[in-house]
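Participant: this is a predicted model, with the sequence first.
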Amino acid sequence: MTQITDEFMQSMLPKARVYAAVLLKAGPNYATPQARPIVWEHARRNFALRAEGSLVLVGPVSDGSELCGIGIFETGLDEARVLMEEDPGVKAGVFAFEVHPWTSFPGDGLPQHE
């Protein structure tokens with residue numbers, strides 16, 4: 001394992017940045033037959049938000065828990081809440097959400113796969 005020095009850690013701490021982490025949960029209409037096309041439009045909107053740069057990481061959670069997805073927004077907490085309130089899945093009661101501050105460091109990200 002790579003050794004990380006105290007000096008390196010001290011140099012990184014000031015570079016930390018707060019993002020808005022969204023936890024998407026099953027709403028009251030999640031398991032209804034009408035949910036499928038709404039989830040499709042929810043995903044389309046996620047692609048648009050990602051293309052605009054507001055949503056930097058997003059994906060479903062598929063472990064059978066009430067947690068349906070996780071998103072990291074490049075916005076403040078209030079703006080992330082507003083964006084989520086306009087989500088078609090949230091508006092239809094398919095999803096509910098929580099917004100939390102989440103701190104990350106320069107260079108964090110997912111590896112590129114194609």
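Facilitator: Looks like it arrived, so ask away.

Participant: how close does the spatially most central residue of the chain get to L77?
Facilitator: For the chain, G71 is the residue whose C-alpha lies nearest the centre (C-alpha atoms, centre = their mean; 0.6 Å). According to C-beta to C-beta, to the nearest Å, G71 and L77 sit 13 Å apart. (Glycine included, C-beta is placed from N, CA and C.)

Participant: tell me which stretches of this structure form strands.
Facilitator: Ranges of strands in the chain, per DSSP state E, are 17-26, 55-60, 67-73, 95-104.

Participant: between the second one and strand 67-73, how many degrees?
Facilitator: Pointing back at strand 55-60 there. Per axes from the mean of the first three to the mean of the last three C-alpha atoms, to 10 degrees, the angle that strand 55-60 makes with strand 67-73 is 170 degrees.

Participant: chain center to strand 55-60, what's the gap?
Facilitator: The gap between where strand 55-60 is centred and where its chain is centred comes out at 5 Å by C-alpha atoms, centre = their mean, to the nearest Å.

Participant: show me what it pairs with in its sheet, parallel or antiparallel.
Facilitator: Paired neighbours of strand 55-60 in the sheet (DSSP bridges): strand 67-73 (antiparallel).

Participant: which stretches of the chain have low pLDDT?
Facilitator: Within the chain, the ranges that satisfy pLDDT under 70 run 106.

Participant: quick one, helices of it?
Facilitator: Along the chain, counting by DSSP state H, helices occupy 6-12, 35-52, 77-85, 88-91.
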